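Structure for the following, please:
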Amino acid sequence: MMDVVMRPIGSIKPYENNPRANDAAVDAVAASIRAFGFRQPLVVDEGDVLIVGHTRYKAALKLGLIEVPVHVARGLTPDQARAYRLADNQTATLATWDDERLALELAALQTADFDLSLTAFPEDEVLRLLTAPEPPPAGDPDEVPEPPAEPLTRPGDLWRLGRHRLLCGDATKPADLARLLPDGPADLLLTDPPYNVAYSGKTADALTIANDDMSPEQYRAFLTAALTAAKAHLKPGGAFYVWHADTAGLDVRTACAAAGLQVRQCLVWVKSALVLGRQDYHWKHEPCQPAGTQVAKVIKEGRWREDSVIEQVPIESLQPGDRVVSFGNAKIYRRGRAVTGITSRRHTGNLHRVEVGEFRTRATPEHRFTVRFDPARPKAGLLYLMRRGDRWRVGVCGMFNSRGFGVSVRLSQERGDAAWVLGAFATLTEARIAEQVVSCRYGIPTTVWETGRNPGASWAQRDQAGIDAIYQRLGVDRIRAGVDRLLRDHGLSAGLPLLAANEPGNFSCRQSRQVAACNLVPGVMQVPVPTAGERFEWRDLTATSFERVHDLEVWSMDVERDKHYVADGIVVHNCLYGWIDGAAHTWLGDRSQTTVLEFDKPAKNPDHPTPKPAELFAYLLNNSCPPGGLVLDPFAGSGTALAAAEQTGRNAALLELDPRYCDVIVQRFESLTGQKAERAAA
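Below you'll find the predicted structure:
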């Protein structure tokens, strides 16, 4: 067994003639040690001179470590130690990477929301491996041919389109799905079914869409059959995206639930022209509340002057179609709004407790609350944490000044990227005392970054070289380690700032804003609480706390129109993309994605009410389907999923009922790729 002992780092002697230039790797190794611990010991000879581990040694110095694990290689001659030193470095260069397997490993880490920078692969290399872009297509990916009057395709025809497959068949028939997918299930379901809006095209032929004019009952049964058939051919953990009209939102969610597909989020496509969805907000994670959260459910809707009958029920008992008390347009809506989706997941991490007087509720860090600042405390002092690039600082400011919310103003002045509020105090003096405590406890500087706004101030005499010297002497890695401890101790998240540079800072005492549970600040923030009838009052946020939970079941709910409900007596914001259970879901994005999809509408496509650009579908494929993976679209339409799959190196399996649109897909493929489609033998 190899002996490893902890030794003072000062006792280790670097080898003066080390031929390996390793300075460029020190930061990455330091980050790895900080994340995973010092797992590989340094190897020294009997004179404590380094043989193996020069980069780890430099990283340990950078991190300010006092002791390091060491193995003494006893019995080696000087020549053997010299050869071992060379061989340890050179043998690592003899191995090569299997890009396909490497991409799978990186994708698995990204699915687990792991920081891929800790693997030390450059960001551009990670993107190359995860997206595997194909050469630019020969044609315009958004160019859609006119449907022919007399189609070449006949029902039951199977087309091979390069690596893709197209069947002229029925999405509700399991046998057609089985014929389309003989080699196994798909990685992703991405489809745009009929919207049930009786659409008529704007061409001279006024083409219609099959299955687009049914009763709500027929439409739900139709979608349920199609989604049930599709789910049987979707891998465990496979994501699904189902486009729909806002007016059919409840029908689509009901069909998803009946098919066993749990909706996890609702995404809104903001087109360059008409906006399909009507949500006026965006959120970036999966906000949830734990089982047992009491939601105000409308048992009997009041008519005219009759009061509604309302009961407090556990969130896990609610179903799509139930009505709950809502909040919107500055009033409480006691007749209720419909629950359009509800789902659960397992949560490991912080769970935040929010107290408003006698009311208490709990939520995951991302769960949103509608808040405003207390108008009685405009002069409160705020202690904040700010980031710009890899530099962090703490500071103080008044809650409001003549230019607006103090932290927002300071973020702009310092050209910062993001800011978090650590606490509120009665006066600026108290905030400054807390600033000194935090700075000393966590090793985070208080220096400003921009000195030009107040040349007469003492801190403005510091030039850029002086500011740089602060970070060089303290070390950005050591500062970041302190930041991580600070965020952890305060229940905050580096990925959930209160303010970001690209978001408006419209906090005020009159205008409300949605704030994540982890960023709520007691003493200065207020939230709405229902009183009588349609009235409510702004109540002080009296306390917040958090606890670490493991594998706790938590619930997300989507409520129509107002996007609010009442939980444990407190108004909270909606929480609702989905994936099939049975495995960790596939997620390949970089965690900067939001639920608002901003892509221009194709310039011309008169035969579809909302033609989707290939770039939009490619974006979803890159997020949720591994390179070389298989995407299923049982309502292929004009073939946008195929165009996106061709662009991104995925494989598409398409099902389309209308032979005319099968011809469109075939022509679109041939125009896009320059290849010829092949009709398979029956």
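
Can you measure across stretch 465-481, start residue to end residue?
Taking Cα to Cα, to the nearest Å, the first and last residues of stretch 465-481 lie 24 Å apart.

brain fart, stretch 177-191
Across its full length, stretch 177-191 reaches 14 Å between end residues, using Cα to Cα.

same check, this time on stretch 91-100
End-to-end distance of stretch 91-100: 22 Å, with Cα to Cα as the criterion.

And that stretch, what's buried?
When burial is assessed from 16 or more other Cβ atoms under 10 Å, stretch 91-100 yields no buried residues. In short, each C-beta sits where N, CA and C put it, glycine included.

What average pLDDT does that stretch get?
Mean per-residue pLDDT for stretch 91-100: 84.

for stretch 43-62, same thing?
94.

burial count for the nearest residue to Ala494 once chain neighbours are set aside?
Sequence neighbours aside, Leu487 is the residue nearest to Ala494 in space, at 6.0 Å (criterion: Cβ to Cβ, 6 or more residues apart in numbering). Applying other Cβ atoms under 10 Å, we find 19 other residues in the vicinity of Leu487.

and Leu487, what does it touch?
385, 420, 493-494 (Cβ atoms under 8 Å, 6 or more residues apart in numbering).

helix, strand or coil for it?
helix (DSSP: H, G, I helix; E, B strand; the rest coil).

Ok, Ala494 next?
Three-state call for Ala494 (three-state DSSP): coil.

repeat for Phe546
In three-state terms, and counting by three-state DSSP, Phe546 is strand.

for it, what are its contacts?
For Phe546, the set of contacting residues under the criterion of Cβ under 8 Å, 6+ apart consists of 350-353, 365, 491, 518.

Would you mind writing the PyMOL command to select the buried ones in those?
Typed into PyMOL, the next command selects the buried ones out of the contacts of Phe546 (criterion: 16+ other Cβ under 10 Å):
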select buried, resi 350+351+352+365+491+518
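
Pick the one among the contacts of Phe546 closest to Asp176.
Pro365 (44.0 Å; Cβ to Cβ).

How about that closest one: what's its closest non-neighbour residue?
Distances taken as Cβ to Cβ, 6+ apart put Cys518 closest to Pro365, at 3.9 Å, once the chain neighbours are dropped.

distance of that neighbour from Trp555?
Note on Cys518: its distance to Trp555, by Cβ to Cβ, to the nearest Å, is 18 Å.

closest to Asp124 among the contacts of Phe546?
Ranked by distance to Asp124 (Cβ to Cβ), the contacts of Phe546 are led by Pro365 at 30.5 Å.

Hmm, that closest one is touching Ser493, no?
Yes. Under the criterion of Cβ atoms under 8 Å, Pro365 lies in contact with Ser493, with a separation of 5.7 Å.

where do the contact lists of those two overlap?
By Cβ under 8 Å, 6+ apart, the residues touching both Pro365 and Ser493 are Cys518.

can you list the contacts of Phe546 in TSV and add secondary structure?
Compiled in TSV, the contacts of Phe546 are given as follows (three-state DSSP):
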residue	secondary structure
Asn350	strand
Leu351	strand
His352	strand
Arg353	strand
Pro365	coil
Gly491	coil
Cys518	helix
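
Is it possible to get TSV of the contacts of Phe546 that adds pLDDT and distance to Leu657?
Formatted as TSV, those follow (pLDDT from 0 to 100; distance: Cβ to Cβ, whole Å):
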residue	pLDDT	distance to Leu657
Asn350	90	48
Leu351	93	47
His352	94	48
Arg353	95	52
Pro365	89	44
Gly491	94	52
Cys518	93	47
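
from the contacts of Phe546, which single one is nearest Val549?
Out of the contacts of Phe546, the member with the shortest distance to Val549 (by Cβ to Cβ) is Leu351, at 4.7 Å.

hey, what's the closest one bridged with?
Under the criterion DSSP bridges, Leu351 forms beta bridges with Glu547.

residue boundaries of the helices in the stretch 151-300 of the chain?
Along the stretch 151-300 of the chain, counting by DSSP state H, counting those that start in this stretch, helices occupy 174-180, 216-231, 249-258.

per-residue confidence for the most far-flung residue of the chain relative to its centre?
Residue distances from the centre of the chain (Cα atoms, centre = their mean) peak at Thr77, which lies 54.8 Å from the mean C-alpha position. Thr77 is assigned 93 on the pLDDT scale.

Now do it against Ile12, distance only.
Using Cβ to Cβ, Thr77 is found at 21 Å from Ile12.

Ok, Phe38 next?
Noted for Phe38: a distance of 13 Å to Ile12, by Cβ to Cβ.

again with Leu621
As it turns out, when the distance is counted by Cβ to Cβ, Leu621 lies 50 Å from Ile12.

Same drill for these two, tell me which one is more crowded.
The residue with the greater number of neighbours, taking Leu621 and Ile12 and applying other Cβ under 10 Å, is Leu621; the counts read 28 against 18.

Now for the more buried one: which residues touch it?
Contact partners of Leu621, counting by Cβ under 8 Å, 6+ apart, are 188, 190, 631, 644-645, 648, 650.

Give me the secondary structure label for Gly321.
For Gly321, the secondary structure call by three-state DSSP comes out as coil.

okay but it is in contact with Ala257, surely?
No. The pair Gly321 and Ala257 fails to qualify as a contact (Cβ under 8 Å) at a distance of 9.8 Å.

of these two, who's got more company?
Remark: of Gly321 and Ala257, Ala257 carries more neighbours, 19 against 12, as counted by other Cβ under 10 Å.

ok, the residue nearest to the more buried one when sequence neighbours are not counted to Ser556 distance?
The shortest distance from Ala257 to any residue other than its chain neighbours is 5.9 Å, reached at Pro320 (Cβ to Cβ, 6+ apart). Spatial separation of Pro320 from Ser556 under the definition Cβ to Cβ is 13 Å.

Between those two, which contacts overlap?
Counting by Cβ under 8 Å, 6+ apart, the contacts common to Pro320 and Ser556 are Ile342.

neighbour-wise, which of those two wins?
Ser556 (24 against 21).

and the more buried one, bridged to which residues?
Beta bridges link Ser556 to Thr343, judged by DSSP bridges.

wait, doesn't it sit right on Arg345?
Yes. With contacts defined as Cβ under 8 Å, Ser556 counts as touching Arg345 at a distance of 7.5 Å.

Many thanks, we can stop here.
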